[in-house]
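A.B. asks: Here is my input, please return the structure:
(2 chains)
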Amino acid sequence: MPPRSIIIIPAYNEALSIASVVEDIRSHSEGHDILVINDGSTDSTEETAGNCGVRVITLPYNLGIGGAMQTGYLYALRHGYEIAIQFDGDGQHIADQIGALVAPLVEGRADMVIGSRFLGEKTYRSRFTRLFGIKILSGVISLLIGQPITDPTSGFRAVNRTVIDYYSGSYPDDYPEPEAVVLLHKAGFRIAEVPALMRERQAGNSSITAVKGLYYMTKVVLAIIIDMMKKISRR
Amino acid sequence: MDMVTLLAFLVSVAIVASIIELIRRNRLKERYSLLWLFSSFVILFFSVSRKSLEFISLSVGIKYPPSFIFLLGFLFLIVINVHFSTVISELFEKNKTLTQEIAILKEMLEKGHGADR
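C.D. replies: Model prediction:
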């Protein structure tokens, strides 16, 4: 019997894309429960997701991606799921990649798996500054944890029961994707990366300018350095 | 007592009085007032006792003793602010947990499935 798994979709004002995301997941991966965390959206994300027949948890105000994902992990813990998959609500992630993503968990080779755009066939294209920023972040994190992580900002990832448990108690708020990698490593969990295809972001969210990107990068690196100094109990 | 120490004296008396009044009216929790009370009592002490003020400021190399009082006030404000930042962080964490619990409970109620599945 395959392990009970849940796909957690954090969604903040994703009314336009959420239905097709759910449909994509349904047509490619059966046997996964789907949970949408509506992070205090001001549009019709809640109704749209509800009409798809998936479970929807609506946060009373916008907690941010970290707090929203942690809600999903808490739910997964309470309901006894063995695998939790994070899947973006903006249509960036592709459902037929989920099987490869969870494989290392099912085989017991890792506790957390990141779907990386930069492994395998390189089809992912983006603005140079963006790629450059990810490269630097990847370098810093790989150096700090002593293991190559090619795509630390990827939100396409999966965790097993032990990490669901750990995340429920403590999950970073500010830049959860890169920070979680560092924190999990410090807590003694095994991290793996698998190649993952992704779509480029649809229009509307490309407003990150080079200056903003640099500012973002600096803040993430600072947050990670602080994370490295944190006292963390190993599992 | 010169003008500047008189000023420091009056200000610290006013702070002590208003903190105590706020606690009396239940508008300030004791645990958040201790630092204020402590700081204003120390400043009060040095503005009254010119001798100790001169002794301590000269021994740390401050030529004009009253400025030691301002230094103290400044340092206390830093400590109090850091303390408040930790209080805010703690509140943020608790608030987040509450929000998450409420959202999960609400989903359970609306779906009508029982307490634990």
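A.B. asks: what helices or strands is the longest helix anywhere in chain B leaning on?
C.D. replies: As assigned by DSSP state H, the longest helix anywhere in chain B is helix B:66-111. Using 3 or more Cβ pairs under 8 Å, 6 or more residues apart in numbering or on different chains; DSSP states H and E as the contact criterion, the elements in contact with helix B:66-111 are strand A:55-58, helix A:65-78, helix B:3-24, helix B:30-48, helix B:50-59. In short, each C-beta sits where N, CA and C put it, glycine included.
A.B. asks: ok and it relative to helix B:30-48, angle-wise?
C.D. replies: In terms of direction (axes from the mean of the first three to the mean of the last three Cα atoms, to 10 degrees), helix B:66-111 departs from helix B:30-48 by 170 degrees.
A.B. asks: now helix B:66-111, how far from the centre of its chain.
C.D. replies: Computed by Cα atoms, centre = their mean, to the nearest Å, the chain-centroid distance of helix B:66-111 equals 13 Å.
A.B. asks: Report the rounded mean pLDDT for it.
C.D. replies: Helix B:66-111 carries an average pLDDT of 94.
A.B. asks: Report the inter-axis angle for it versus helix B:50-59.
C.D. replies: Between helix B:66-111 and helix B:50-59, the angle comes out at 90 degrees (the same axes, to 10 degrees).
A.B. asks: Get me the contact residues on chain A for chain B.
C.D. replies: By the rule Cβ under 8 Å from any Cβ of the partner chain, the part of chain A lying against chain B is A:55-61, A:63, A:67, A:70-71, A:74-75, A:78-79, A:173.
A.B. asks: So which of those wins on neighbours?
C.D. replies: Counting neighbours by other Cβ atoms under 10 Å in any protein chain shown, the top entry in the residues of chain A next to chain B is residue A:71, with 29 neighbours.
A.B. asks: so what's it up against?
C.D. replies: Neighbour list for residue A:71: A:37, A:57, A:59, A:63, B:100, B:103, B:104 [criterion: Cβ atoms under 8 Å, 6 or more residues apart in numbering or on different chains].
A.B. asks: Closest one of those to residue A:195?
C.D. replies: Taking Cβ to Cβ as the measure, residue A:37 is the one of those closest to residue A:195, at 26.6 Å.
A.B. asks: list the helices and strands whichever strand or helix holds the closest one packs on?
C.D. replies: Take DSSP states H and E as the rule and residue A:37 turns out to sit in strand A:32-38. Other elements packing on strand A:32-38 under the criterion 3+ Cβ pairs under 8 Å, 6+ apart are strand A:5-11, helix A:18-28, helix A:45-51, strand A:55-58, helix A:65-78.
A.B. asks: With mean pLDDT and distance to residue B:49 as extra columns, can I get the ones you listed in CSV?
C.D. replies: Putting those into CSV (pLDDT from 0 to 100; distance: least, Cβ to Cβ, whole Å) gives the following:
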stretch, mean pLDDT, distance to residue B:49
strand A:5-11, 97, 60
helix A:18-28, 94, 69
helix A:45-51, 95, 65
strand A:55-58, 97, 61
helix A:65-78, 97, 51
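A.B. asks: and of the ones you listed, who's closest to residue A:132?
C.D. replies: When the helices and strands packed on strand A:32-38 are compared (using Cβ to Cβ), the closest one is helix A:65-78, at 22.7 Å.
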